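Trainee: Model the structure of this input:
(one chain, ligands or ions: 1)
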Amino acid sequence: MKVLVFCILLCSVFSMKAQNYQCFSPGQLWKDNNGVHINAHGGGMLIYKKTYYWFGEHKIEGKTGNTAQVGVHCYSSKDLYNWTDEGIALQVDDDMNSDIQKGCILERPKVIYNSKTKKFVMWFHLELKGNGYRSARAGIAIANKVTGPYRFIRSTRATPGCFPVNVDNNEIGGKHIYVRDLNNGQMVRDQQLFVDDDGVAYHIFASEDNRTLHIAELTDDYLDYTGKYVRVFEERYMEAPALFKKDGLYYFMGSGCTGWAPNAARSAVAPSIWGPWTELGNPCVGENSEKTFYSQSTYILPVQGKKNAFIYMGDRWKPNNPIDGRYIWLPIQFEENKFKIKWMDQWDLNFFSSEY
Ligand code: DGJ
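Mentor: Sure, this is the predicted structure:
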């Protein structure tokens with residue numbers, strides 16, 4: 001009897017800690033291997049050696065949590081349901097001369113692997129401490145090991161001194177914000193990285209005071225811009241860019257621009273990353289689709305070992321208590337050359353096998 005009680009107690013303690021998830025439950029608490037709600041907001045994913053690595057903003061309780069008090073958190077998983085805490089991959093700095101001083105704004109970190117240099121490269125949106133959202137810079141960090149530690153290299157505005165390739169030179173002298181910023185570099189806010197099949201990487205970010213997105217090519221080592229870039233979705237005020245490729249077509253998902261409040265998502269398709277981009281409207285359907293199910297896109301994840309299987313990863317922000325932010329993961333469904341996202345209380349990866 002005593003042994004039985006002991007076993008029951010042990011099991012309940014164990015199940016409190018290590019969950020064994022078999023499905024996704026969008027919007028619910030999602031506990032890691034230590035029983036703690038995953039803390040990787042505005043995140044992105046890297047698949048490396050058949051393992052998923054989820055990088056995101058580590059938030060803390062209360063409104064201060066909207067500034068970076070800790071850094072970028074990393075988790076790993078083999079099955080996408082159960083996540084192991086790999087610790088803080090990039091730490092903010094106590095040094096007040098550092099660009100990533102504790103209390104700066106460090107958002108939407110994304111990590112890619114460079115097979116030529118064998119380095120892991122992280123880009124993020126950086127706002128220098130005490131400057132609101134006016135700095136609008138990109139931060140770059142590098143690591144030898146996927147989980148870090150990542151070493152902060154520098155922050156920069158985008159493509160300084162370079163003219164967009166899809167704009168007529170006659171516009172020089174015009175009123176556009178990108179013309180104002182030509183010399184010092186373009187503004188970088190919500191951002192994404194995308195590595196194409198040929199290994200060329202691109203930085204996609206909200207620029208020009210969030211009016212227009214830019215897509216900029218990165219150098220071979222992924223640490224800088226080549227200077228080639230396009231302006232896309234001019235004056236459409238898009239944030240939260242996410243990109244994926246299917247059957248040779250490039251798909252885009254993003255949001256409107258309403259701070260932490262949810263709005264209707266946007267989607268688009270293009271035959272080349274350089275465009276032309278054709279808007280496809282809100283990909284979400286059904287109840288609360290006009291609010292993206294109370295979430296905002298952060299990444300679209302291709303599932304390993306499954307054809308045409310992509311997962312929408314979104315954040316349900318809690319600006320008054322950011323650590324409690326929830327994750328909305330839903331399957332992407334294709335209809336002709338469009339994609340759709342429907343709400344599901346629960347689902348698992350068998351969804352893909354059954355549908356395609
Ligand atoms: C919306 C962006 O998508 C977030 O990353 C963050 O910058 C908030 N705006 C701040 O209001």
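
Trainee: Can you classify the residue of the stretch 151-300 of the chain found nearest the ligand by secondary structure?
Mentor: Residue of the stretch 151-300 of the chain nearest the ligand, by C-beta to the nearest ligand atom: residue 259 (3.9 Å). From N, CA and C alone the C-beta is placed, and that goes for glycine too. Classification of residue 259 by DSSP: H, G, I helix; E, B strand; the rest coil places it in coil.

Trainee: Look up phi and psi at it.
Mentor: Note on residue 259: backbone dihedrals following degrees, to the nearest 10 are phi 60, psi -130.

Trainee: What degree of burial does it show, as a neighbour count?
Mentor: The number of residues packed near residue 259 is 9, by other C-beta atoms under 10 Å.

Trainee: next one: residue 116
Mentor: The number of residues packed around residue 116, counting by other C-beta under 10 Å, is 9.

Trainee: Pick out the residue in the stretch 1-150 of the chain sitting closest to the ligand.
Mentor: In the stretch 1-150 of the chain, the residue found nearest to the ligand is residue 107; the distance is 4.6 Å by C-beta to the nearest ligand atom.

Trainee: That residue: what's its closest spatial neighbour, skipping adjacent residues?
Mentor: The shortest distance from residue 107 to any non-neighbouring residue, by C-beta to C-beta, 6 or more residues apart in numbering, is to residue 125 (4.3 Å).

Trainee: helix or strand right after the helix or strand harbouring that neighbour?
Mentor: Assigned by DSSP states H and E, residue 125 belongs to strand 119-127. Using DSSP H and E, the helix or strand that follows strand 119-127 towards the C-terminus is strand 137-143.

Trainee: quick check: angle from that next one to strand 119-127?
Mentor: 150 degrees (axes from the mean of the first three to the mean of the last three C-alpha atoms, to 10 degrees).

Trainee: any weak-confidence spans in this structure?
Mentor: Across the chain, residues meeting the criterion (pLDDT under 70) sit at 1-18, 169-174, 354-356.

Trainee: how about the strands in the stretch 151-300 of the chain?
Mentor: 151-156, 191-195, 201-207, 212-218, 225-232, 239-246, 249-255, 266-270, 278-279, 284-285, 296-302 (DSSP state E, counting those that start in this stretch).

Trainee: Using CSV, lay out these together with mean neighbour count and distance to residue 119.
Mentor: Converted to CSV, these look like this (neighbours: other C-beta atoms under 10 Å; distance: least, C-beta to C-beta, whole Å):
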stretch, mean neighbour count, distance to residue 119
strand 151-156, 16, 10
strand 191-195, 24, 13
strand 201-207, 25, 12
strand 212-218, 24, 13
strand 225-232, 20, 17
strand 239-246, 22, 22
strand 249-255, 24, 26
strand 266-270, 21, 29
strand 278-279, 12, 35
strand 284-285, 18, 37
strand 296-302, 24, 21
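
Trainee: quick check, the strand holding residue 125 touching the ligand?
Mentor: No. Among the residues of strand 119-127, none lie within reach of the ligand under C-beta under 6 Å from any ligand atom; the closest is 7.0 Å away.
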